[in-house]
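Student: everything below, folded, please.
(2 chains)
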Protein chains: 2
Amino acid sequence: MQKLEVQLGERSYPIFIGESLLDRPECLLPYIRGRQVLLVSNETVAPLYAERVRKVLADGGLTVAEAILPDGEAYKDWQHLNLIFDALLAARFSRKATLVALGGGVVGDMTGFAAACYQRGVDFIQIPTTLLAQVDSSVGGKTGINHPLGKNMIGAFMQPRVVLADTTVLRSLPDREYSAGLAEVIKYGLIRDLPFLEWLERHMDGLMARDPALLAEAILRSCRNKAEVVAADELEQNDLRALLNLGHTFGHAIETAMGYGSWLHGEAVATGMLMAADLSWRENWISHQDVARIRTILVRSGLPVVPPPVSPDEFLRHMAVDKKNIDGRLRLVLLRQLGRAVVTDEADRGRLVATLMAGEHLGQA
Amino acid sequence: MQKLEVQLGERSYPIFIGESLLDRPECLLPYIRGRQVLLVSNETVAPLYAERVRKVLADGGLTVAEAILPDGEAYKDWQHLNLIFDALLAARFSRKATLVALGGGVVGDMTGFAAACYQRGVDFIQIPTTLLAQVDSSVGGKTGINHPLGKNMIGAFMQPRVVLADTTVLRSLPDREYSAGLAEVIKYGLIRDLPFLEWLERHMDGLMARDPALLAEAILRSCRNKAEVVAADELEQNDLRALLNLGHTFGHAIETAMGYGSWLHGEAVATGMLMAADLSWRENWISHQDVARIRTILVRSGLPVVPPPVSPDEFLRHMAVDKKNIDGRLRLVLLRQLGRAVVTDEADRGRLVATLMAGEHLGQA
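Tutor: Numbers count the residues shown, from 1 in each chain, chains lettered A, B, ... in the order given. Have a look, this model is predicted:
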């Protein structure tokens, strides 16, 4: 078992990474302050793992209630967030209660936001069960729900008390979701950690075989990268944290244009990262060879690299509502060089449109 | 114009108190960081004052959008909070937007919570238009909405950038609402400021006539008392801040039993404070004369002092869901002496039931 401490002053917390952490009381019980725990999960994950977590909590003498949500981004809305509040109030849980999120990013985002709001804030713990959630949502404290007019528009910054990244549970993950998680892993290499990118290029075959030791290493290095960025910019008040959004502005536009759920978030981000790389090449910042290298590792990870047939106008419209745009200017994360991302609002409009029109050419070396 | 600085480190902010502040750009514009402002008000207040605020903002070169909510505690729910998000997203406002709350406590609570959640946090400004909101909601950062199973159960701690307490707007306040505000003013005297209580006893006739100078003084001293308590316990992590809830546990039970909106919050708190005083007398902490003195000033303020006919069982049931109860123990704010409140979970059950059964006797000397 590995341990990474996320340094955020009095909101610091540990991430434990390893096999079968679900069954280890010493990873969970010391981080629960009251006696009341609400276990939040979804209809897919709960039948697989909820009983094991519930047993650890109950054996620890805690009162455990449950809220089981339907599975999917489509349910990341107020109506379903309210199911969590209903369960807390039905159980008459006080502000000393702890919420435990057992599931992917949607469960984590919703549970964290519910914890931020219930009686103006109670503790919460994350047990992410997807690779994406383990390398992304477990660090950063971003929680929230969607609004019909925009993704993640309503939420809070809320840090967990502890995160358990159990590599064993990833075995049950569908291939597509596993690959979507790898997109975010690769992202850390691209934006700030060239040695990690090279490590991933060496070990991608083993990672695709879900080798536990390689997985633990990949998760640790991903979380460490994100933790360093977040520690320097917890509330996203400067450009540092925005670098984590490489590929996300293009990706959000793909997700919005295609309707949430048709592309997985990680898939949209993967193609979005290649689009950002393509524009970075057009800006003369990275080489054609760099772009090819990024395309290759994405393809080896089972990720899509050709955007859907969306017109440049529609792309631009969906990109403009992104949270990164301050007072109307379009801000993008691009690659100044391989392993170093920058935020810019000065990308040339003509080159941007060229990238948006590249379509199938993006998939070709 | 008077100015009170609420000391909360980097979240410190000023409260301006005085006449016709609504028209003074120097109280508003320096506290707005971006160029986008959403003015949130309700259907009662907006026709009276929104145009004046809108003019100050527009003359300052800002883009102003509006969200007008229906008036009343009954609408302090998610559906109506969502109207604020709808307006923000329809206007495509960024995370540099500022929300301005123009109205009573409901508008302030909802606007502050919307600001806490929109894109995980944007600025907000309070222009409270009721006496209750000026002396209570303008300090403390408590924001939120109701849930069918409990009041203020969903919310956030969120400090405003500035508060404008315009004494002129109080002239249009209905008598009942004005008196309800006085209940919270009197509370500060009872819990921690005996000289202020004596000042109120001397000046209650002038205050009932809404004398502007006396009003400004009463608001300033109320806000200063609350600011001192909040500065020492911003996130309600010790018992200090709980003292502000004198009368509130009894009061919430009255409001819940009678249905929100039948008793005004301040009216329920007034009767609740007399019930707390009665129990404090039964505990042998304050004298019968002290209780009479509290009853007298409440009656002079036009406030009810007799609880509705609710059985002790029902009272206890509604009191038990109060946020102040940790892990199931009933905690109450009582008066150790006149001008000094304490939090206790050791009130004698028999004496508590005696207070709950006192009914009309509470109204008699």
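Student: report the buried residues of stretch A:36-43.
Tutor: Using 16 or more other CB atoms under 10 Å in any protein chain shown as the test for burial, stretch A:36-43 gives A:36, A:37, A:38, A:39, A:40, A:41, A:42. No exception for glycine: its C-beta is placed from N, CA and C like everyone else's.
Student: swap in stretch A:236-248?
Tutor: By 16+ other CB under 10 Å, the buried positions in stretch A:236-248 come out as A:236, A:240, A:241, A:242, A:243, A:244, A:245, A:246, A:247, A:248.
Student: what about the strand or helix carrying residue A:39 and chain B, any contact?
Tutor: Here residue A:39 sits within strand A:36-42, counting by DSSP states H and E. Yes - shown here: strand A:36-42 in contact with chain B (CB under 8 Å from any CB of the partner chain) through residue A:36.
Student: and the contacts of that strand?
Tutor: A:49-50, A:53-54, A:57, A:62-72, A:84, A:87-88, A:91, A:93-94, A:96-104, A:106-107, A:110-111, A:114, B:327 (CB atoms under 8 Å, 6 or more residues apart in numbering or on different chains).
Student: so for the following helix or strand past that strand, mean pLDDT?
Tutor: Next helix or strand after strand A:36-42 toward the C-terminus (DSSP H and E): helix A:51-59. Mean pLDDT, helix A:51-59: 98.
Student: between strand A:36-42 and helix A:51-59, find me the angle.
Tutor: Put simply, helix A:51-59 runs at 180 degrees to strand A:36-42, going by axes from the mean of the first three to the mean of the last three CA atoms, to 10 degrees.
Student: circling back: send me the strand holding residue A:39 as CSV with only the CA atoms.
Tutor: The C-alpha trace of strand A:36-42 is given here as CSV (Å, rounded to 0.1, in the frame of the first residue of the first chain):
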residue,chain,number,x,y,z
GLN,A,36,-23.1,8.5,11.7
VAL,A,37,-22.1,7.5,8.2
LEU,A,38,-24.1,7.8,4.9
LEU,A,39,-22.7,5.5,2.2
VAL,A,40,-23.5,6.9,-1.2
SER,A,41,-23.1,4.7,-4.3
ASN,A,42,-24.9,3.9,-7.5
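Student: mean confidence score for that strand?
Tutor: 98.
Student: for the nearest residue to residue A:279 once chain neighbours are set aside, helix, strand, or coil?
Tutor: Leaving aside its chain neighbours, residue A:279 sits nearest to residue A:355 (4.4 Å; criterion: CB to CB, 6 or more residues apart in numbering or on different chains). With DSSP: H, G, I helix; E, B strand; the rest coil as the basis, residue A:355 sits in helix.
Student: backbone dihedrals for the residue of chain A most remote from its centre, please?
Tutor: Within chain A, residue A:61 marks the point farthest from the mean C-alpha position, 32.4 Å out by CA atoms, centre = their mean. Main-chain dihedrals, residue A:61, degrees, to the nearest 10: phi 80, psi 10.
Student: go through the lengthiest helix in chain A and flag the buried ones.
Tutor: Ranked by residue count and defined by DSSP state H, the top helix of chain A is helix A:212-232. Going by neighbour count (16+ other CB under 10 Å), the buried part of helix A:212-232 is A:214-230.
Student: you'd agree the residue nearest to residue A:279 is up against residue A:275?
Tutor: Yes - using CB atoms under 8 Å, residue A:355 is in contact with residue A:275, at 5.5 Å.
Student: may I have the phi/psi pair for residue A:18?
Tutor: According to degrees, to the nearest 10, residue A:18 has phi 170, psi -170.
Student: that one pairs with what?
Tutor: residue A:166 (DSSP bridges).
Student: how deep is it tucked in, by neighbour count?
Tutor: 20 (other CB atoms under 10 Å in any protein chain shown).
Student: wait, what's in contact with it?
Tutor: A:1, A:2, A:165, A:166, A:167, A:216.
Student: at 7 Å instead, please
Tutor: Neighbouring residues of residue A:18 by CB atoms under 7 Å, 6 or more residues apart in numbering or on different chains: A:1, A:2, A:167, A:216.
Student: gap between it and residue A:98?
Tutor: Look at residue A:18 and residue A:98: by CB to CB, to the nearest Å, they are 22 Å apart.
Student: repeat that for residue A:238.
Tutor: Taken as CB to CB, the span from residue A:238 to residue A:98 is 32 Å.
Student: coming back round to it: what sits against the residue nearest to residue A:279?
Tutor: Taking CB under 7 Å, 6+ apart as the test, what residue A:355 contacts is A:275, A:278, A:279, A:282.
Student: helix, strand or coil: sort out the closest residue to residue A:119 other than its chain neighbours for me.
Tutor: Spatial nearest neighbour of residue A:119, chain neighbours left out: residue A:95 (4.1 Å); criterion: CB to CB, 6+ apart. Of the three states, residue A:95 takes coil under three-state DSSP.
Student: the stretch 151-300 of chain A: helices as residue ranges?
Tutor: A:175-192, A:194-208, A:212-232, A:248-258, A:265-282, A:288-300 (DSSP state H, counting those that start in this stretch).
Student: how about TSV for those helices, with distance to residue B:186 and mean pLDDT added?
Tutor: As requested, the helices of the stretch 151-300 of chain A are arranged in TSV below (distance: least, CB to CB, whole Å; pLDDT from 0 to 100):
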stretch	distance to residue B:186	mean pLDDT
helix A:175-192	56	97
helix A:194-208	63	98
helix A:212-232	47	94
helix A:248-258	53	92
helix A:265-282	54	96
helix A:288-300	67	97
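Student: highest mean neighbour count out of these?
Tutor: Mean neighbour counts were compared across those using mean count of other CB atoms under 10 Å in any protein chain shown; the top stretch is helix A:265-282, at a mean of 26.
Student: assumed residue A:67 was part of a helix.
Tutor: No - residue state for residue A:67 (three-state DSSP) corresponds to strand; a helix is not indicated.
Student: now do it against chain B, distance only.
Tutor: Using CB to the nearest CB, to the nearest Å, one obtains 14 Å as the distance from residue A:67 to chain B.
Student: was I right about that residue contacting residue A:87?
Tutor: Yes - under the criterion of CB atoms under 7 Å, residue A:67 makes contact with residue A:87 at 4.0 Å.
Student: between these two, who's got more neighbours?
Tutor: Remark: of residue A:67 and residue A:87, residue A:67 carries more neighbours, 25 against 19, as counted by other CB under 10 Å.
Student: how deep is the closest residue to residue A:124 other than its chain neighbours tucked in, by neighbour count?
Tutor: With sequence-adjacent residues excluded and distances taken as CB to CB, 6+ apart, residue A:124 is closest to residue A:115, at 3.6 Å. Neighbour count of residue A:115, defined by other CB under 10 Å: 28.
Student: okay then, goodbye and thanks.
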